[in-house]
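In: no sequence for this one, just the structure:
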């Protein structure tokens, strides 16, 4: 036989192999479009998105807390009284003012 000419057995084997490949491909497509698979994949994407958002929020909150802490604690971890005392006094003043207004309104 000359080169490039296939026998009937070779053609039949090729057809059988291609049928098998097609069956595997169709099975893979069926799994991908199955509702359970779609729901599972969608749920996994949603969980991933929430995890990512929570992680970003945690990092942002941690950054804010670290910056605020840096305002009231020096590099050695000692409190900076020159900044803590004025803030504490202001806080007490606000609480006293709110309490005073509440008492004043009740007496009226």
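Out: Received, thanks. Note that this is a predicted model, so its numbers are computed, not measured. Residues are numbered from 1 along each chain as shown.
In: low pLDDT regions in this structure?
Out: 1-2 (pLDDT under 70).
In: how about the helices in it?
Out: With DSSP state H as the criterion, the chain has helices at 8-33, 35-72, 81-107.
In: now residue 20: how far from residue 7?
Out: 20 Å (Cβ to Cβ, to the nearest Å). The C-beta positions use only the backbone N, C-alpha and C, and glycine is treated the same way.
In: about what we covered before: could I get the helices of the chain as CSV with mean neighbour count?
Out: Formatted as CSV, these follow (neighbours: other Cβ atoms under 10 Å):
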stretch, mean neighbour count
helix 8-33, 10
helix 35-72, 10
helix 81-107, 10
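In: show residues contacting stretch 72-87.
Out: residue 71 (Cβ atoms under 8 Å, 6 or more residues apart in numbering).
In: tell me how far the ends of it are from each other?
Out: Chord length of stretch 72-87, first to last residue, is 10 Å (Cα to Cα, to the nearest Å).
In: how far does it sit from the chain's center?
Out: 35 Å (Cα atoms, centre = their mean, to the nearest Å).
In: when you give positions from now on, start the count at 26
Out: Noted, 26 is the first residue going forward, which turns the last one into stretch 97-112.
In: nearest the middle, which residue of this protein would you pick?
Out: Centre of the chain computed as the mean C-alpha position; nearest residue by Cα atoms, centre = their mean is residue 77, 1.4 Å away.
In: let me see the contact set for residue 58.
Out: With Cβ under 8 Å, 6+ apart, residue 58 has no contacts at all.
In: same deal with residue 54?
Out: Per Cβ under 8 Å, 6+ apart, neighbours of residue 54: none.
In: where's it relative to residue 64, distance?
Out: From residue 54 to residue 64 the distance is 17 Å (Cβ to Cβ).
In: for residue 37, same thing?
Out: 42 Å.
In: go on, residue 39?
Out: 39 Å.
In: for residue 104, same thing?
Out: 53 Å.
In: next, the residue nearest to residue 39 when sequence neighbours are not counted: phi, psi?
Out: Using Cβ to Cβ, 6 or more residues apart in numbering and skipping the chain neighbours, the partner closest in space to residue 39 is residue 31 (7.7 Å). For residue 31, the backbone dihedrals (degrees, to the nearest 10) come out as phi -110, psi 150.
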